[in-house]
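> Here is a sequence together with a model predicted from it:
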There are 2 protein chains.
Amino acid sequence: MSKNITLKDIAKRAGVSYQTVSKVIHNQIQVTAEVRSRIQAAIEELDYRPNVAAQNLRTQSSHLIGYSWKLDDRYSPVLEQFQHSVVESAENFGYHILLFPQRADRDLYTTYAELIRTKRVDGFILSSVEYNDPRVATLEHLNVPFVSFGRSRENEHTPFVDVDGQTGSKAAVQHLIEQGHQRIAILAWPESSRVGSERLAGYWDAMKEAALPIDPEWIMRGKGEIDYGYEAANKLLDLPPHRRPTAIVAILDTIAIGVMQAAEACGYSIGRDLAVIGFDDMAVAHYVKPGLTSLRQPINEVGQRVMQLLISLLKGEAIAQKHILLPPELVVRDSSLGFVPQSH
Amino acid sequence: MSKNITLKDIAKRAGVSYQTVSKVIHNQIQVTAEVRSRIQAAIEELDYRPNVAAQNLRTQSSHLIGYSWKLDDRYSPVLEQFQHSVVESAENFGYHILLFPQRADRDLYTTYAELIRTKRVDGFILSSVEYNDPRVATLEHLNVPFVSFGRSRENEHTPFVDVDGQTGSKAAVQHLIEQGHQRIAILAWPESSRVGSERLAGYWDAMKEAALPIDPEWIMRGKGEIDYGYEAANKLLDLPPHRRPTAIVAILDTIAIGVMQAAEACGYSIGRDLAVIGFDDMAVAHYVKPGLTSLRQPINEVGQRVMQLLISLLKGEAIAQKHILLPPELVVRDSSLGFVPQSH
């Protein structure tokens, strides 16, 4: 492989001066078609590639996008799928993704400011955005192009794409009501969780529209996955028969798995005695028996829309809609079918 | 925030010439400690950051590492964990990761050559390396620093870190033999799979060392996940009693889940009548009942060792050991315990 081909080599091959080659390449002069094609031929014959660092210095663009997510040990199939989608979309626009995990031990402002000021990246994508997310405020203050997957109160002026969890859990509860359920519980997250509050709001909406009373005991808040579901379900199933829920919506599939295990251990048949619905349609939803009804997020589309918005920002284009909400899809399986109401 | 601070500003503030500042910063001249400290103070007071593109042009280093993996729709918790580990390790060395998925529709040589020649990245990390992996041959031919997670026949001269699947499945089979099993089957992958062949080799090793005969029917080869396990287990359990296996090792946890479902549908009690072992210790191994015995890969360590090797290559350091094999850990759960041998 030939290495270190310079503009001098091109000039020599094309039989023109170095200055001519340089100005033609940088579109600084007009030359005849014949000269241009001689230079082009020399570039191809010598397989000349400009140094990206030099090119970026000239264009003041890195063609790199920083992707910031919260680095922790929890596995997240949703974030993995989001990253795949973003990487593919970015490549279609001629960009690459630079991974830039957020760590608790870092000074955000300095780090982001430095990445931008040193032209390391042209803009940012954020995921796992929560209430009072300091990244949103920091990037807005730095006047840096960015788009977030997930919205925060701070996102009022900045673009985001998100999945509409409220619409999703409303659809789940409406499906349960159609199946004949009236006593429906929900295993939610603590109040500090933005995603959790949205999903809980959809539960309220559906119960209210159907004029179904809500026993305060039916709204549980907790953290964790399978253990949380297991313990919460045990408490709910310990309620006296007339207050005991016949359906439980869990805010995450793995919490729903815990519910199913607890209910089976108490002798309940999932579907017939107790309906269970999860969220995220993880692979595990297929593996359990009966199959788990779940809400599937349109993650590929989220990634594509995030990237389209960011590219528009980078190009300085006008953006018609900077807040995009996409509905999840209810995937019905046996865990929410076959309900047989009891006499009490 | 002050912007676009240049060396001229530093020179003015420090009361020295532009040439002096430039040469001091680039270590091209010696100056008195007093002058150096005046320049340093000016840099700090004005919060000067050099443009990374300019810096990279000078040092001929991007401080970026390309990470190449096979982009497909299959979710892989192992690769997700590997990426986390690599990102963290890279940051500790002052590097960032540029995502660079491999697609079937791309001309490998041109793409890699261009990324290197344009100084976009300093080196590469590969994952999902298979037999006859064209990436390994291409990067070796391009004389580019790279380290692969996984080994290929082509890796003879190039560094890799891998998990020793052969040792892992040997340990799994030995554990089954200790539990009293003699008729042990394995659900493997097609012969073209390097990872699959290594895991199968460990099965052979353990059976041979224990002088246990192997019925050819016990070695299955197939593709897929839960469906493959389900169908393969049905065939194995259809064998006449004296040839029917009492234990099945699956090459992947999700295949093992299919085995468990098929066995339960046939009335077998997992553990007591049929032992099942999976591979990768996915989250799902905890969720099923009984818990699935599985082989856990030391992925965090793999990521750290890959990055250490690559950094050594980039620095031109001598490498004592360029082929690193790490053993997986057998995590025993109830799916392989409690065996009660039958009379036949």
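Sure thing, it's come through.
> now the helices for chain A?
For chain A, applying DSSP state H gives helices covering A:7-14, A:18-25, A:33-46, A:52-59, A:77-92, A:108-117, A:134-142, A:165-178, A:194-209, A:226-237, A:253-265, A:284-287, A:299-315.
> Is any residue of the second one near chain B?
No: no part of helix A:18-25 sits close enough to chain B to count as contact by C-beta under 8 Å from any C-beta of the partner chain; the gap is at least 14.6 Å. Bear in mind the C-beta positions are built from the backbone N, C-alpha and C, glycine included.
> From the chain's centroid, how far away is that helix?
A distance of 45 Å separates the centroid of the chain from that of helix A:18-25, by C-alpha atoms, centre = their mean, to the nearest Å.
> Next, the buried residues of that helix.
If you call a residue buried by 16 or more other C-beta atoms under 10 Å in any protein chain shown, then helix A:18-25 has these buried ones: A:20, A:21, A:24.
> Kindly reformat the helices of chain A as a markdown table and extend each row with mean pLDDT.
What follows is the helices of chain A, written out as a markdown table (pLDDT from 0 to 100):
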| stretch | mean pLDDT |
| --- | --- |
| helix A:7-14 | 86 |
| helix A:18-25 | 78 |
| helix A:33-46 | 81 |
| helix A:52-59 | 53 |
| helix A:77-92 | 89 |
| helix A:108-117 | 74 |
| helix A:134-142 | 85 |
| helix A:165-178 | 97 |
| helix A:194-209 | 95 |
| helix A:226-237 | 95 |
| helix A:253-265 | 93 |
| helix A:284-287 | 81 |
| helix A:299-315 | 95 |
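> Point out the most buried one among those helices.
Comparing these by mean neighbour count (mean count of other C-beta atoms under 10 Å in any protein chain shown), helix A:253-265 ranks first with a mean of 24.
> From the rest of the structure, what touches it?
A:187, A:224-234, A:237, A:248, A:250, A:270, A:273-274, A:276-282, A:284-285, A:288, A:292, A:294, A:335, B:283, B:287, B:289 (C-beta atoms under 8 Å, 6 or more residues apart in numbering or on different chains).
> could you give the angle of it to helix A:77-92?
With axes from the mean of the first three to the mean of the last three C-alpha atoms, to 10 degrees applied, the angle from helix A:253-265 to helix A:77-92 works out at 150 degrees.
> CA atoms only: put helix A:253-265 into CSV for me.
Written as CSV, here are the backbone C-alpha positions of helix A:253-265 (Å, rounded to 0.1, in the frame of the first residue of the first chain):
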residue,chain,number,x,y,z
ASP,A,253,-40.8,-7.4,32.5
THR,A,254,-38.4,-8.7,35.1
ILE,A,255,-40.7,-7.4,37.9
ALA,A,256,-43.6,-9.1,36.2
ILE,A,257,-41.6,-12.4,36.2
GLY,A,258,-41.3,-12.0,40.0
VAL,A,259,-45.1,-11.5,40.2
MET,A,260,-45.7,-14.7,38.2
GLN,A,261,-43.4,-16.7,40.4
ALA,A,262,-45.0,-15.5,43.6
ALA,A,263,-48.5,-16.1,42.2
GLU,A,264,-47.6,-19.6,41.1
ALA,A,265,-46.1,-20.4,44.4
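> Contacts for stretch A:62-72, please.
A:56, A:79, A:83, A:86, A:90, A:94-103, A:115, A:119-128, A:135, A:310, B:52-53, B:84, B:87-88, B:98.
> quick one: buried residues of it?
Here stretch A:62-72 shows A:62, A:63, A:64, A:65, A:66, A:67, A:68, A:69, A:70, A:71 as buried, counting by 16+ other C-beta under 10 Å.
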